[in-house]
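>>> Predicted model follows, preceded by the sequence.
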Amino acid sequence: MRAVVTVLALWCAGLGAAAQFGKMSFAFDLFSARYPDHGPVGIGLLVSVVGIVGLVFGTTAGLLVARIGPRRAIVAALALGAVMSAVQILPLPYAALFLTRGIEGFSHLAIVVVGPTMIAGLAPPRHQGLAMTLWSSFFGVTYALLAVVAPALLSGGDTGPLFGLHALWMAGFALVLRGLLPADPAAVRHPMTGLVGQHMAIYASPRIAAPATGFVCYTALYVAVLTLLPPLMPPDMQAGVAAGMPLLSIAVSMTLGVWMLGRITAVQLVQAGFAVGALAALALWIGWGQGAVMLAASLTLAAAMGIVQGASFAAIPQLNDSDLDRARASGAVAQLGNLGTTTGTPLLAALIVMAGPGGLAGFALLLCLSGIAVHSWQARRRLAVLPR
């Protein structure tokens, strides 16, 4: 029972980490009014700088967490996140707010590296797929919850209620996890080589790197399509598609995805999800302009990406036995995941300008086929080396 409660508490910490993005997204207009001289790009940077930290330091964080201990790392990260949210309630100059967001990026990164690593170690093998799929839902669930509570908290034109609630959430789960998590093992001095050396060692491994190299195809596709597809739909479908796609991806991941993980490997399920996504992209391309086909293809694509999302996290413990390798794999997932979310939307926007809706369908098809191909390549590499 304690393990179940601990896994749920770690997931709640993940919700807090996702809200480090979400609170800024929902308060975007308020910050635009507060800093009119910085324009949409400057406010956008306040949102994205948290992810940029993960993009640069993702793999390094995996090694550092293994070195200092996961319990110590996640408790400190939650506490740091609470302090930053509390400070952000103040009427800070833009530069000071930007600095707090950069610091918050390190808090976010530590949480998303420690969370899946510890969940994989706590969950018994028969429930590991369920636990990792639950973790994978933290971003979608957070944005769904914020869509319900944020408008009311921000209705007075003040970010304080939302940011204050976030600070309390982070501080509360820092205390909860401090009490629930087992003490860190004796420190092991894993070598901390330079950034280039760390990246080469991690991405040279077909076990450590595999989840991340598939996950980047998912993040580049899912975030971009979720942002840019609904406005291209017929007006009477836009709201339903915008709300239905993320909710369906979570629901399918937690049901069909978990059931399938008991029958095939996580990597096979990732590839199956990408294959269904490729078919949905083709249907979207061929059936563009036919409302029913567009709706069915859009929702099928979202469901397929939900499968890919959960199975990608489940692949981390399936492919890596040691806590160190799992932390490295989680760091790589954080790094390439941020690469996908950072680059996918502007790339797709440019394609839509050049090629219209066909550019969107082609973008989705290419990334789905790339996800299948990269996992096939990594599987061949694993077969080519000696068993562990």
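Perfect, thanks for sending it. Numbering: from 1, shown residues only.

>>> can we go C-alpha only for contacts and neighbour counts from here?
OK.

>>> Show me which residues of stretch 355-363 are buried.
For stretch 355-363, the neighbour count (16 or more other C-alpha atoms under 10 Å) marks 357-363 as buried.

>>> Sorry, slip of the keys, the one I care about is stretch 151-169.
153-154, 159-164, 166-169.

>>> same deal with stretch 204-219?
206-219.

>>> Output these as a markdown table; include the columns secondary structure, pLDDT and distance to Leu347.
Formatted as a markdown table, the buried residues of stretch 204-219 follow (DSSP: H, G, I helix; E, B strand; the rest coil; pLDDT from 0 to 100; distance: C-alpha to C-alpha, whole Å):
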| residue | secondary structure | pLDDT | distance to Leu347 |
| --- | --- | --- | --- |
| Pro206 | coil | 93 | 28 |
| Arg207 | coil | 93 | 29 |
| Ile208 | coil | 93 | 27 |
| Ala209 | coil | 92 | 24 |
| Ala210 | helix | 93 | 24 |
| Pro211 | helix | 94 | 23 |
| Ala212 | helix | 93 | 20 |
| Thr213 | helix | 94 | 18 |
| Gly214 | helix | 94 | 18 |
| Phe215 | helix | 93 | 17 |
| Val216 | helix | 93 | 14 |
| Cys217 | helix | 95 | 13 |
| Tyr218 | helix | 93 | 14 |
| Thr219 | helix | 88 | 13 |
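
>>> Now tabulate the residues you listed in a markdown table and tack on distance to Trp285.
Below are the buried residues of stretch 204-219 laid out as a markdown table (distance: C-alpha to C-alpha, whole Å):
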| residue | distance to Trp285 |
| --- | --- |
| Pro206 | 34 |
| Arg207 | 35 |
| Ile208 | 35 |
| Ala209 | 32 |
| Ala210 | 29 |
| Pro211 | 28 |
| Ala212 | 28 |
| Thr213 | 26 |
| Gly214 | 23 |
| Phe215 | 23 |
| Val216 | 23 |
| Cys217 | 19 |
| Tyr218 | 19 |
| Thr219 | 21 |
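
>>> Run through the helices of the stretch 251-388 of the chain in chain order.
258-261, 266-286, 291-319, 323-355, 357-384 (DSSP state H, counting those that start in this stretch).

>>> mind checking how far the last one is from the chain centre?
Read that as helix 357-384. Taking C-alpha atoms, centre = their mean, to the nearest Å, one finds helix 357-384 lying 19 Å from the centre of the chain it belongs to.

>>> again, but for the shortest one
When C-alpha coordinates are averaged (C-alpha atoms, centre = their mean), helix 258-261 and its chain have centres 20 Å apart.

>>> which residues are in contact with that helix?
129-130, 133, 269, 311 (C-alpha atoms under 8 Å, 6 or more residues apart in numbering).

>>> rerun at 6 Å
Residues outside helix 258-261 that contact it (C-alpha atoms under 6 Å, 6 or more residues apart in numbering) are Leu130.

>>> Can you mark which positions in that helix are buried?
258, 260-261.

>>> so where is the stretch 151-300 of the chain shaky, pLDDT-wise?
186-196 (pLDDT under 70).

>>> now the buried residues of helix 258-261 as JSON lines including distance to Leu367?
Shown next, in JSON lines, are those (distance: C-alpha to C-alpha, whole Å):
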{"residue": "Val258", "distance to Leu367": "23"}
{"residue": "Met260", "distance to Leu367": "22"}
{"residue": "Leu261", "distance to Leu367": "23"}
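
>>> out of the buried residues of stretch 151-169, which one sits closest to Gly340?
Among these, His166 lies closest to Gly340 (C-alpha to C-alpha), at 25.9 Å.

>>> Need the contact partners of the strand or helix carrying that closest one.
Assigning secondary structure by DSSP states H and E places His166 in helix 160-180. Contact with helix 160-180 is made by 75, 78-79, 82, 85-86, 89, 153, as judged by C-alpha under 6 Å, 6+ apart.

>>> from the chain's centre, how far out does it sit?
Worked out by C-alpha atoms, centre = their mean, helix 160-180 lies 20 Å from the chain centre.

>>> can you check stretch 69-77 too?
19 Å.

>>> One more: stretch 294-302?
With C-alpha atoms, centre = their mean, you get 21 Å for stretch 294-302.

>>> do the same with stretch 226-244
22 Å.

>>> Give me the buried positions along it.
Under 16+ other C-alpha under 10 Å, the buried positions of stretch 226-244 are 226, 228-230, 233, 237-238, 241-242.

>>> Endpoint to endpoint, it covers what distance?
10 Å (C-alpha to C-alpha, to the nearest Å).

>>> for stretch 129-147, same thing?
28 Å.

>>> Now that stretch: buried residues?
129-143, 146.

>>> Kindly report the same for stretch 108-126.
For stretch 108-126, by 16+ other C-alpha under 10 Å, it's 108-123.

>>> Take those residues and keep only those in helices.
108-122 (DSSP state H).

>>> Not counting stretch 61-77 itself, show me its contacts.
Here stretch 61-77 has contacts from 107, 111, 114, 174, 184, 188, 324, 327-328, 331, using C-alpha under 6 Å, 6+ apart.
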